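Asker: Got a predicted model here, sequence first, then my questions.
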Amino acid sequence: MANQIDWLGERRADELAAQIVKYWADRGYTVEAWAEQSGKSSKRRLEWGVRSNMIGGGPKNVWV
């Protein structure tokens, strides 16, 4: 189980990005997060990831 990779599809990546935005919004911060294709494919499907404007795992305005 430790070597198992959880590949994201487009829908799941969109959901995860929305969860990240909501998490920080609930704490009074504005972050941007979005789903993006990785350019790789696994078993004939595209892999997706989540990108954001966060720095060090938190909102960038915390570090300013």
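Answerer: Happy to help now that I have it. Numbering: from 1, shown residues only.
Asker: Nearest to the spatial middle of the chain, which residue is it?
Answerer: Val50 (2.7 Å; CA atoms, centre = their mean).
Asker: Quick one: classify that one as helix, strand or coil.
Answerer: Secondary structure state of Val50, per DSSP: H, G, I helix; E, B strand; the rest coil, is strand.
Asker: And for Asp14?
Answerer: Classified using three-state DSSP, Asp14 is helix.
Asker: residues in contact with it?
Answerer: Asp14 makes contact with Ala35, according to CB atoms under 8 Å, 6 or more residues apart in numbering. All C-beta atoms are positioned from the backbone trio N, CA, C, and that covers glycine.
Asker: Same question for Ala13.
Answerer: The contact partners of Ala13, by CB under 8 Å, 6+ apart, come to 35-36, 48-50.
Asker: Pull the number of nearby residues for Asn53.
Answerer: Applying other CB atoms under 10 Å, we find 12 residues neighbouring Asn53.
Asker: Just give the nearest non-adjacent residue to it, would you?
Answerer: Glu32 (4.5 Å; CB to CB, 6 or more residues apart in numbering).
Asker: Test my guess that the one you found contacts Pro59.
Answerer: No - if you go by CB atoms under 8 Å, Glu32 and Pro59 don't touch, sitting 9.8 Å apart.
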